[in-house]
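Q: Structure, please.
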Amino acid sequence: MIPKVFKEIIDLGDGRTISLETGKLAKQAHGSVVVQSGNCMLLCTVVSNYKQSDVDFLPLTVDYREKFAAAGRYPGGFFKREARPSDGEVLTMRLVDRVLRPLFPKDYHAETQVMIQLMSHDDDVMPEAMAGLAASAAIQLSDFPFECAISEARVARVNGEFVINPTRAQLAESDLEMMIGASADSVMMVEGEMDEISEEEMADAIKFAHEAIKVQIAAQIRLAEAFGKKEVREYQTAEGNEDLAKRIHDLAYDKCYAVAKKGTSKVERTAAFTEIKEEVKASFTEEEMAEFGHLVGGYYSKAEKEAVRELTLSEGLRLDGRKTDEIRPIWCETDYLPSTHGSAIFTRGETQALATVTLGTSREANKIDMPSYEGEETFYLHYNFPPFCTGEARPLRGTSRREVGHGNLAQRALKGMIPDNCPYTVRIVSEVLESNGSSSMATVCAGTMALMDAGVEMKRPVSGIAMGLISDGDRYAVLSDILGDEDHLGDMDFKVTGTTEGITACQMDIKIKGLSYEILVDALKQAREGRLHILGKITDTIAQPNVDVKPHAPKMISRRIPNEFIGALIGPGGKVIQEMQKATGCTIVINEDPVTEEGIVEILGTNQDGIDAVLAKIDSLLFKPQVGSAYEVKVIKMLDFGAVVEYVDAPGNEVLLHISELAWERTDNVTDVVNMGDVFDVKYFGRDPKTRKEKVSRKALLPKPEGFVARPPRDNRDNRGGDRDRKPRQDRN
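A: Now for the predicted structure:
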């Protein structure tokens, strides 16, 4: 039986479209859709159990995978099978999850899976830009309790014009790139990187993307209506007790307000709030606790949250006593670790990051091997968030999605400030040692100082700040440098990084509907003031990059050589380059530039003498004497018919100095004129057209003796007695 297929088309402009199709694939899933643009096809399926899980949160899994078969390629590795997700796939999962999760009801706890797969790849289409659209479209076809349709779109600015879902080639030319997630009436998520743009330019880009998202949402709704919108499933909702909620509010609100107003530390504050919570519990009888004790904790947390928010809105005060635009105390230090190539500590309040920089060759570049993209990064950042940084003990299960996401944000913040001519591969590792409010922004600050400490010539230093927003609809307060608690109780969490010239990266999660662009721009401008304050603390610690790398850090020299000399530098079986590395202690890496058809030789070493020796070897390979020029040579071998000499300025380049070119006078023995180790000048005559051998002469640079008569050439037999009347061989007889 041929399935009935439903389809909707979204026009992106400039001849590009996105199609949404359902009814053909994966029909046992609760929702299934194929999203296609060009030859790029994503299959998204959604399934949610009908039974609620025994947890107090939504067990939502968003999984995005790129199949190598989609690009006609084999996976790497021994098993030739897709395994753990790459960082690129993890980042796409996070982008989708952050928009979907808040739209499920808070009391919906059923196991839910959203699976998105790249089934067909197109070099001109970046598939992750359509992942959010695919997820929402599949959910619209299901019976899930879900607030409203959403979509995501990438926006870039190319030659001053905004472009939706640009190609990778367009992205390479853009000065702004952001992923926007939104519903029809509200922006919910923003993440991206920029080339030092203004706050107003960023807001304009968000507006442009939001208009495109509205079109994508309308297409989802049309598809769901044509397919037949399902009734929303019934599920066991959380019970409520208004009288209990009011009772707990009356018991706890004023006490929580008083604790919040004291402006204490995290430890003191936590202890005080815990004491209030215990007092609230103690006010109930055992019978009451048995009946509705499971609701007490939630209602207490609600009262505490309301008290803290009201303190900020009405008095402009925060949990730790700061004003809304005040930054916590900062101290910094560079060159803390003696053996690293660069290091720095950045501490802001109760958040601390220790960053290290390691310098290497192109051999240490981070290889990216995905079906949708193959390449390498010569600047990358890794972020570690161990449990002790928050005073916890929990299992260590490898790098988390959060660590991948925070590291990527910090990397994007800094990478635009690494100069194009930086000869090194640069790796930053951020170890978060304390955390109470935006360790990712502390990573940006520590990373900046570590780079300058390592002697990397950054264009400009970068700082970052985490901001928050509290609003009740009529009043709002923008919070600079938020605490962990403020992140939880606020309406917006946004992180902004930049230089004195503008924004370099951002990440926003917006929890309230209908946030005006005026408030957004105001928040971004307050963030700029905070960024510049933090930047001042950084530059007070280290104002400029160190002039040179540390004595124990490797120096990098790059040389370009014609491709035809690469083989000679490597030698048979790598013999020459291996011996050179062993003798000099340097690392030598050779790459070919397909554009210029040259070889790029990278020389990395801590010993300048070793680097100079490698450079001398390269110079000797490239040495080409010019006809008519004089060169200093050294005798390295004696022969009966001449001496083998080596060019002093190009060791390894040898040439035969014939006995007849030693002196104007007749020379019977080579040793009558020169000996081993003698150094003198010779003139270069190029290659003899008959013998194709190079010719040099010592006598050509010496004055000709007075009365000197040149001997006749050996092959002029008419000048030799007895040969003048000899007949040709064929006439003898």
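Q: Using CSV, list the CA coordinates for the lowest-mean-pLDDT helix or strand in the chain.
A: Least confident helix or strand, the chain: helix 484-489 with a mean of 84, by mean pLDDT, DSSP states H and E. These are the backbone C-alpha positions of helix 484-489, laid out as CSV (Å, rounded to 0.1, in the frame of the first residue of the first chain):
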residue,chain,number,x,y,z
GLY,A,484,24.6,30.5,40.5
ASP,A,485,21.4,31.1,42.5
GLU,A,486,20.5,34.1,40.4
ASP,A,487,20.9,32.0,37.3
HIS,A,488,18.3,29.6,38.7
LEU,A,489,15.7,32.2,39.8
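Q: so how far is it from its chain's centroid?
A: How far helix 484-489 lies from its chain's middle: 28 Å, per CA atoms, centre = their mean, to the nearest Å.
Q: do the same with stretch 586-606
A: Remark: stretch 586-606 is offset 23 Å from the chain centroid, using CA atoms, centre = their mean.
Q: any idea which helix or strand comes after the least confident helix or strand of the chain?
A: Using DSSP states H and E, the next helix or strand after helix 484-489 towards the C-terminus is strand 492-498.
Q: Output whatever helix or strand comes next after that following strand in CSV with nothing but the alpha carbons.
A: On the C-terminal side of strand 492-498, the closest following helix or strand by DSSP H and E is strand 503-510. Provided in CSV are the C-alpha atoms of strand 503-510 (Å, rounded to 0.1, in the frame of the first residue of the first chain):
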residue,chain,number,x,y,z
ILE,A,503,31.1,41.7,21.0
THR,A,504,32.9,38.5,20.0
ALA,A,505,30.5,35.8,21.2
CYS,A,506,27.3,35.3,23.1
GLN,A,507,25.0,32.7,24.6
MET,A,508,21.5,33.5,25.8
ASP,A,509,18.6,31.5,27.3
ILE,A,510,15.5,33.6,27.7
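Q: Quick one: list the elements packing against the helix or strand following strand 503-510.
A: Of the helices and strands lying after strand 503-510 in sequence (DSSP H and E), the nearest is helix 517-541. For helix 517-541, the elements it packs on are helix 199-227, strand 330-334, strand 342-348, helix 439-453, strand 463-471, strand 476-480, strand 492-498, judged by 3 or more CB pairs under 8 Å, 6 or more residues apart in numbering; DSSP states H and E. C-beta here means a position set from N, CA and C on the backbone, and glycine is covered the same way.
Q: let's go with 6 Å and repeat that
A: On a contact count with 3 or more CB pairs under 6 Å, 6 or more residues apart in numbering; DSSP states H and E, helix 517-541 meets helix 199-227, strand 463-471, strand 476-480.
Q: where along the stretch 151-300 of the chain do the helices fall?
A: Ranges of helices within the stretch 151-300 of the chain are 168-172, 199-227, 242-262, 266-282, 286-315, based on DSSP state H, counting those that start in this stretch.
Q: Buried residues, the longest one. List them.
A: What that stands for is helix 286-315. By 16 or more other CB atoms under 10 Å, the buried positions in helix 286-315 come out as 295-296, 299-301, 303-304, 306-313.
Q: just to revisit the earlier point, looking at the helices and strands packed on helix 517-541, which is closest to Lys281?
A: Set against Lys281 and scored by CB to CB, the helices and strands packed on helix 517-541 come closest in strand 463-471, at 27.7 Å.
Q: Please name the strands paired to that closest one in the sheet, noting orientation.
A: With DSSP bridges as the test, strand 463-471 is paired with strand 476-480 (antiparallel), strand 492-498 (antiparallel).
Q: who's in contact with it?
A: 309, 312, 413, 438, 441, 444-445, 477-479, 481-482, 486, 490-492, 494-495, 497, 523, 527, 530-531, 534-535, 538 (CB atoms under 6 Å, 6 or more residues apart in numbering).
Q: Buried among the residues you listed? Need that as a selection in ChimeraX.
A: Command for ChimeraX that selects the buried part of the contacts of strand 463-471, burial taken from 16+ other CB under 10 Å:
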select :309,312,413,438,441,444,445,477,478,479,481,482,486,490,491,492,494,495,497,523,527,530,531,534,535,538
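Q: Run a quick neighbour tally on Glu278.
A: When neighbours are defined as other CB atoms under 10 Å, Glu278 has 11 of them.
Q: What's the separation between it and Gly585?
A: 65 Å (CB to CB, to the nearest Å).
Q: now swap in Tyr64 and tell me
A: Separation of Tyr64 from Gly585 (CB to CB) stands at 45 Å.
Q: Between these two, tell me which one has more neighbours.
A: Neighbour comparison, Tyr64 and Gly585: the larger count goes to Tyr64, with 27 against 14 (by other CB under 10 Å).
Q: could you pull out the helices for the stretch 1-150 of the chain?
A: In the stretch 1-150 of the chain, the helices defined using DSSP H, counting those that start in this stretch lie at 87-100, 131-140.
Q: Please save the CA atoms from the longest strand seen in the chain in CSV.
A: The single longest strand within the chain, with elements called by DSSP state E, is strand 40-52. The C-alpha trace of strand 40-52 is given here as CSV (Å, rounded to 0.1, in the frame of the first residue of the first chain):
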residue,chain,number,x,y,z
CYS,A,40,20.5,17.5,2.6
MET,A,41,17.9,15.4,4.4
LEU,A,42,17.2,15.0,8.2
LEU,A,43,14.9,12.4,9.7
CYS,A,44,13.5,13.4,13.1
THR,A,45,11.5,11.0,15.2
VAL,A,46,9.9,11.7,18.6
VAL,A,47,8.6,9.2,21.2
SER,A,48,7.4,9.7,24.7
ASN,A,49,6.2,7.0,27.1
TYR,A,50,2.6,7.1,28.3
LYS,A,51,3.6,6.3,31.8
GLN,A,52,5.1,9.0,34.0
